[in-house]
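Undergrad: what's the 3D shape of this:
(chains A and B)
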Amino acid sequence: MIQKKICMLGSFAVGKTSLVRRFVENMFSDKYMTTIGVKIEKKVIDLKNQSLTLVIWDIAGENGFHQIQGTYLRGMSGYILVADKTRTGTLDTVINIHKTVGQAFRDVPFVLLMNKMDLTGQWDVQESAIDKLGQDGWDVFKTSAKTGQNVQEAFNRLALKMLEK
Amino acid sequence: MADFSAGNKGRGSVHNSDELNSLRTLILAPEQHEIGELKERLNDPKIRAEELSRVIAEAIVIRASTDRKLATALLPTIEEVIRDSVKRDPKFLADSIFPIIGPAIRRSISESLRAMVESMNNTLEHTFSWRGIKWRIESFRTGMPFAEIVLMHTLVYRMEQIFLIHKETGLVLQHVTAESIDSKDADMVSAMLTAIQDFVNDSFAAKEDSSLQNLNMGELTILIEQGPRAVLASVIRGNPPSELRTILKEILENIEFEYNSALDDFKGDAAPFEPCKPDLLYCLTQAQKTDSRSNKAAAVPAKIREKKQKKGGENVVLFIYIAAALCIIIIIAGFILSIL
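TA: Just a heads-up that it's a prediction; the model follows:
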């Protein structure tokens, strides 16, 4: 069985942990997140006739990107950027994180999740900004951890990109 | 005209070249001869084999005394050779090992019998002794099985789990557990251990080469041995002896050497590390306290024993004196009573 390490990155309260909770079965307690800033989850998926174990490092979100967070990325095969559809600033943060991570870890596959799509009345991020990222070659998924919209698809897409690499 | 001069030139250069060759031969003949001989030795496999045969035994002895890498490197070849030999002619190997089969079987049987007798002794002792009764009460009180209570009180240490972890990714390469140990998901534990190490290293490590080596919680200890590309983490209940770390270190060094390219090329597939499982299982040792009474007897130094025996002798004399005094008192009392 193939194992891959993937990291969840994004600002505080964009819904990273909720997305992971939607996706996985086994979970450690949330208290690890507040103690050392990371929580590990795991999910086994079947893709291209083979089993793939995704070990997901859910890294605590902060506005800046710190050294410890950087250390947690070591050895990852892919990462998921998460932004909040109701806060434009969170999209700027993930774009900055992507720039920083891209310099240290070249050619590592990633996807962007535009989360909280269920909060239709509070949308703040412009569709044009999302479209532009799509035109730049980013894989963007409009997700909702609450309804489960596109969560599975996003993880599967990243898994596929990692296998194809 | 042009042809003529060219011909002259050609003759001149041929002449010069001959002279140069003669000069070179005059000056460098012995060296050229030696170089020729060396070339011949290097190019001739037969000569090279002869030369190597003169030093190979000493080289093997030197390398074998330095580390275990030679044995590790030769192991697959030797296994292959033995397999081929058995396939070709099983009788030959059977005849060869025949003289040792008998003693080996006898030894195995006597070991089994000894272990059985020891186990019966332990069972009887734990069942009927005061200590055994106490443990029975404890088992009844706590609801834990009696065997577990006995193990808990007699165990010095027990290695319960070993994780072989890929250092860079934190992904588990191998995981072994002792019998009757309920373990959590190895992939998650392995990743979490790596995260804790990263956290501690980044937050507190003074030097780059320093790393987290121990984690203690209650009666559990996690010994962490770090290699350049792999980490060996072992979960131990009780008090591990210091030499255990050396054993873990050696095992990790072997794995680093043996799986050198597999570790370098690791892309998430742990299958190439399956053969190292027996080594890790071998490591799941446990040590129990020896019988406390026999231990006490063995531990008492001879002088103290003599002193104790002497003191015992003194006690006997004192007892005789007291008994004699009591007899005299009884006789006197009887005599007085008879007069009255």
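
Undergrad: what does chain A put close to chain B?
TA: Contact residues, chain A versus chain B (C-beta under 8 Å from any C-beta of the partner chain): A:1-5, A:26, A:28, A:32, A:36-38, A:40-42, A:53, A:55, A:57, A:67-68, A:71-72, A:74-77. (Each C-beta comes from the backbone N, C-alpha and C, glycine too.)

Undergrad: which of those residues count as buried?
TA: A:2-5, A:28, A:32, A:36-38, A:40-42, A:53, A:55, A:57, A:68, A:71-72, A:74-77 (16 or more other C-beta atoms under 10 Å in any protein chain shown).

Undergrad: what about those, which are in strands?
TA: Assigned to strands by DSSP state E, the following of these qualify: A:Ile2, A:Gln3, A:Lys4, A:Lys5, A:Val38, A:Ile40, A:Glu41, A:Lys42, A:Thr53, A:Val55, A:Trp57.

Undergrad: so the third one is in contact with A:Gly75, correct?
TA: Okay, so that is A:Lys4. No: the pair A:Lys4 and A:Gly75 fails to qualify as a contact (C-beta atoms under 8 Å) at a distance of 10.0 Å.

Undergrad: identify the farthest-apart pair in the ones in strands among the buried ones among the residues of chain A next to chain B.
TA: A:Ile2 and A:Val38 (22.3 Å; C-beta to C-beta).

Undergrad: that older thread, dump the ones in strands among the buried ones among the residues of chain A next to chain B to JSON lines, plus pLDDT.
TA: Listed next are these as JSON lines, based on pLDDT from 0 to 100:
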{"residue": "A:Ile2", "pLDDT": "91"}
{"residue": "A:Gln3", "pLDDT": "93"}
{"residue": "A:Lys4", "pLDDT": "94"}
{"residue": "A:Lys5", "pLDDT": "95"}
{"residue": "A:Val38", "pLDDT": "86"}
{"residue": "A:Ile40", "pLDDT": "88"}
{"residue": "A:Glu41", "pLDDT": "88"}
{"residue": "A:Lys42", "pLDDT": "89"}
{"residue": "A:Thr53", "pLDDT": "93"}
{"residue": "A:Val55", "pLDDT": "93"}
{"residue": "A:Trp57", "pLDDT": "92"}
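
Undergrad: residue contacts, B:Asn43?
TA: B:Asn43 makes contact with no residue, according to C-beta atoms under 8 Å, 6 or more residues apart in numbering or on different chains.

Undergrad: in the biggest helix by length in chain A, what counts as buried?
TA: What stands out as the longest helix in chain A, according to DSSP state H, is helix A:88-104. Judged by neighbour count using 16+ other C-beta under 10 Å, the buried positions of helix A:88-104 are A:Thr90, A:Leu91, A:Thr93, A:Val94, A:Ile97, A:His98, A:Val101.

Undergrad: so the closest residue to chain A within the stretch 51-200 of chain B, which of the three states?
TA: Going by C-beta to the nearest C-beta, chain A is nearest to B:Thr169 of the stretch 51-200 of chain B, at 3.3 Å. Under the three-state scheme (DSSP: H, G, I helix; E, B strand; the rest coil), B:Thr169 adopts coil.

Undergrad: same question, A:Leu81
TA: A:Leu81 - assigned by three-state DSSP - is strand.

Undergrad: tally of neighbours for it?
TA: Residues lying near A:Leu81 (other C-beta atoms under 10 Å in any protein chain shown) number 26.

Undergrad: tell me what it is bridged to.
TA: The partner list for A:Leu81 in beta bridges (DSSP bridges) reads A:Leu9, A:Leu112.

Undergrad: against chain B, how distant is it?
TA: Here the distance between A:Leu81 and chain B works out to 20 Å (C-beta to the nearest C-beta, to the nearest Å).

Undergrad: surely that residue and A:Pro109 touch.
TA: No: using C-beta under 8 Å, A:Leu81 is not in contact with A:Pro109, being 11.5 Å away.

Undergrad: where does the stretch 101-250 of chain B have low pLDDT?
TA: B:118-128, B:205-209 (pLDDT under 70).

Undergrad: and it, which of its residues are near chain A?
TA: Counting by C-beta under 8 Å from any C-beta, the residues of the stretch 101-250 of chain B that sit close to chain A are B:166, B:168-172, B:185, B:187-188, B:191-192, B:195-196, B:198-199, B:201-203.

Undergrad: tell me the contacts of the residue of chain A found nearest chain B?
TA: Nearest residue of chain A to chain B, counting by C-beta to the nearest C-beta: A:Gly75, 3.3 Å away. A:Gly75 makes contact with A:Lys5, B:His166, B:Glu168, B:Thr169, B:Gly170, B:Leu171 under the criterion C-beta under 8 Å, 6+ apart.

Undergrad: try it again at 6 Å.
TA: A:Lys5, B:Glu168, B:Thr169 (C-beta atoms under 6 Å, 6 or more residues apart in numbering or on different chains).

Undergrad: tell me the contacts of the second one?
TA: Residues in contact with B:Glu168 (C-beta under 6 Å, 6+ apart) are A:Arg74, A:Gly75.

Undergrad: tell me the phi and psi of it?
TA: phi -70, psi -40 (degrees, to the nearest 10).

Undergrad: could you do the last one as well?
TA: Note on B:Thr169: its backbone torsions stand at phi -90, psi -20 [degrees, to the nearest 10].

Undergrad: same thing with A:Gln126?
TA: phi -70, psi 140.

Undergrad: and it, how many neighbours?
TA: A:Gln126 - counted by other C-beta under 10 Å - has 11 other residues nearby.

Undergrad: apart from its neighbours in sequence, what residue is nearest it?
TA: Nearest residue to A:Gln126, sequence neighbours excluded (C-beta to C-beta, 6 or more residues apart in numbering or on different chains): A:Thr88, at 7.6 Å.

Undergrad: and what of B:Phe92?
TA: Closest to B:Phe92 by C-beta to C-beta, 6+ apart is B:Ser85, at 6.7 Å.

Undergrad: show me where chain B has helices.
TA: Under DSSP H, chain B gives helices at B:2-43, B:45-66, B:69-88, B:90-128, B:130-142, B:146-154, B:186-204, B:243-258, B:260-264, B:277-283, B:292-299, B:302-339.

Undergrad: for A:Gly10, which of those is the nearest?
TA: helix B:186-204 (18.1 Å).

Undergrad: list the contacts of that closest one.
TA: So helix B:186-204 is contacted by A:36, A:38, A:40, A:42, A:55, A:68, A:71, B:163, B:165, B:170, B:172, B:175, B:212, B:233 (C-beta under 6 Å, 6+ apart).

Undergrad: now do stretch B:239-253
TA: Everything outside stretch B:239-253 that qualifies as a contact, by C-beta under 6 Å, 6+ apart, is B:Tyr157, B:Thr221, B:Leu223, B:Glu225, B:Gly227, B:Leu232, B:Asp279.

Undergrad: I'd say the first one and B:Val235 touch.
TA: Okay, so that is B:Tyr157. No: assessed by C-beta atoms under 6 Å, B:Tyr157 is found out of contact with B:Val235, at 11.0 Å.

Undergrad: more crowded one of those two?
TA: B:Val235 (21 against 18).

Undergrad: show the contacting residues for the residue lying closest to the more buried one once chain neighbours are set aside.
TA: Using C-beta to C-beta, 6+ apart and skipping the chain neighbours, the partner closest in space to B:Val235 is B:Gln161 (4.2 Å). For B:Gln161, the contact set (C-beta under 6 Å, 6+ apart) comprises B:Thr177, B:Ser183, B:Val235.
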